[in-house]
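Undergrad: dropping a prediction and its sequence here:
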Amino acid sequence: MAQHITLYDVLGVSPGASADTLRQAREDRVRQLRPGLEAGAPSPVVAAVTRAREAAEFAGLVLGNPELRLRYDREIGLHRDRGLRGSPGFAEGAAGNGADPYELMRAGADLLPDALLVPFAGLLAWTTPCPAPPARRVTVPDLRGLFYRPGQAVATMAGFRLAVVRLTADPMPVEGLVTGQAPAPGAVVRRHSVLTVQVWHPGRGNGSRPGGA
C-alpha cells in the first residue's frame, strides 16, 4: 500500500466531512497554532508548528473550494464509489493513477495568492504518496506537523505500533502536535515496528487556552 499524508489528515477530518466541518477544523487548527505559543521551544518544535500552520491554511484553501477539493480527491485516488481512505480501492488509486501532485497547484494557481505558492509546493511534496516497499516491510511516514490523533491513524494504517514521548511538562488541555520521530521519515523497516513520536503541547504559561481540538 502506498503511504502518504492527506489534507484531510492535516485537519483531522474524514474525507466525507461537510464544508462547515472543514471550515471549523481549519479554524480550530489555526487558533491552536497561533504565533507565540511555541516561543522558547526547541527548533524541531518551531519547525513542526510552522509546517502545521501552513498545512492547515493550505488544506482550508483547497478543501474549502469545491472544484479544487474534487480535483484533489481524484489526484489522491479517493473515489467515493470505491471506498474512502484505507480501503483497497483507495490505496490502488493513490499508487496507480500516476497523479502529479503539482498539477493541483497549477490548476489552483489562479485561486491561490502568489505568495503562498512556494511554501505550499513543499507541503504538496510532503503529502505525495511514497512507493510501496517490499512485502513485510513498510516506509516510515513523516508525521511531523500532524496533530496526534491523525498521526496515530496514519501510523496504524501504515503498519506501525506507536510509542509517545510527551515534551511539555505542564501542557494546555489540547491535542498535541507531533514534532519528532524515530525511525526517520522515509526509512524502510519491518511491518509492526515501533514508531516513537515526540508530541508537543503549548504550555499553560504561553497565553490563554486556545479553542478547538
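TA: Arrived safely. Predicted model only: the values in this text are computed from it and were never measured.
Undergrad: the longest helix anywhere in the chain: what's the following helix or strand?
TA: The single longest helix within the chain, with elements called by DSSP state H, is helix 43-63. Note on helix 43-63: by DSSP states H and E, the next helix or strand toward the C-terminus is helix 66-75.
Undergrad: what number of residues lie near residue 169?
TA: 8 (other CB atoms under 10 Å). All C-beta atoms are positioned from the backbone trio N, CA, C, and that covers glycine.
Undergrad: that one: which element?
TA: If you go by DSSP H and E, residue 169 is not part of any helix or strand.
Undergrad: in the longest helix of the chain, what's buried?
TA: 45, 47-49, 51-63 (16 or more other CB atoms under 10 Å).
Undergrad: what's near enough to touch residue 148?
TA: 164, 175-178, 197, 199 (CB atoms under 8 Å, 6 or more residues apart in numbering).
Undergrad: most neighbours of all the residues you listed, which one?
TA: In terms of neighbours by other CB under 10 Å, these top out with residue 177 at 28 neighbours.
Undergrad: in the chain, which spans are helices?
TA: Under DSSP H, the chain gives helices at 7-11, 19-32, 43-63, 66-75, 88-96, 101-107, 114-126, 148-158.
Undergrad: which of these has the lowest mean pLDDT?
TA: Comparing mean pLDDT over the helices of the chain, the weakest stretch is helix 88-96, at a mean of 34.
Undergrad: for residue 152, see how far away the residue lying closest to residue 41 once chain neighbours are set aside is.
TA: Using CB to CB, 6 or more residues apart in numbering and skipping the chain neighbours, the partner closest in space to residue 41 is residue 200 (6.9 Å). Per CB to CB, to the nearest Å, residue 200 is found 15 Å from residue 152.
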